[in-house]
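> below are the sequence and a predicted model for it; my questions follow.
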Amino acid sequence: MSIVPMPQVRPNRSQGPWDRRDVAELSQTSFRTTLRGFDRDEVRAILESVAADYRVLQLQNASLQRQLADLEAVLQAYHRGDGPANGTALTPGHVLQRANDEARTILMDAQVKAEQTMARVAARAREAERPIEQLEEDQRNFRALLGATVSELLGVLSMTHRHPSAGHDDPRQIAGTLLVETSASAPAAGTGLAQ
């Protein structure tokens, strides 16, 4: 059962060249010559152009007819209940089940990809934290060393004020005297210049 009606050939006996269905006949049409006729080359060129267009239209029509026949066969199979080509019935429940299955698959794939991405992000975060922790440790050590150095320098300053006569001596002697006094007064200092 075709939706598009096939063109009917007119049984008119006085058909002109424009009514012919064959491209070869169209391009080989001859015209009667009259006293004031058309230029034969111009007519031939136009007829060849029309014949080419006609051939393209015939091919398109044949292709559309094949597509229409295929679609009609699918439609008839659906109406008979044969379902799609795989032999299963195409019911709303079946379509819904397939859609749910596809949605479930898509969600599972997305969840797996999200978990993999989160694992990569967590690993990168741990890698980024290592240098930060090392910098924090270095900062603590530097502050402790700086504090100890400042403390020792303050001690040296206070001893210098206590021993004003040491200012005229050799700086090495002053430093040695101060270190001995600092070592004796500081019981087992952790880090510092006295060690």
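Alright, I've got the coordinates.
> ok, Ala77 to Ala99 distance?
As defined by C-beta to C-beta, to the nearest Å, Ala77 lies at a distance of 21 Å from Ala99. Where C-beta positions appear, they are placed from N, C-alpha and C, glycine not excepted.
> neighbour count winner among those two?
Ala77 (14 against 10; other C-beta atoms under 10 Å).
> now the more buried one: how far from Ala123?
For Ala77 relative to Ala123 (C-beta to C-beta), the value is 54 Å.
> in what helix or strand does Ala125 lie?
helix 92-162 (DSSP states H and E).
> equivalent analysis for Phe38, please.
Applying DSSP H and E, one finds Phe38 in no helix or strand.
> what backbone torsions are found at it?
Backbone geometry at Phe38, expressed as degrees, to the nearest 10, gives phi -90, psi 160.
> and if you look at Asp39?
According to degrees, to the nearest 10, Asp39 has phi -70, psi 120.
> how many neighbouring residues does it have?
Neighbour tally, Asp39, other C-beta under 10 Å: 8.
> ok, Arg126 next?
Neighbours of Arg126 using other C-beta under 10 Å come to 9.
> what separation is there between it and Leu135?
Counting by C-beta to C-beta, the gap from Arg126 to Leu135 is 15 Å.
> any regions of the chain where pLDDT drops low?
1-23, 26-27, 31-35, 81-90, 163-172, 174-176, 178-179, 181-195 (pLDDT under 70).
> domain parsing for it?
By the assignment in automatic domain parsing, the chain contains the domains 17-80, 92-185.
> helices or strands up against the host helix or strand of Leu75?
In this assignment (DSSP H and E), Leu75 forms part of helix 40-80. With contacts taken as 3 or more C-beta pairs under 8 Å, 6 or more residues apart in numbering; DSSP states H and E, helix 40-80 sits against helix 23-27.
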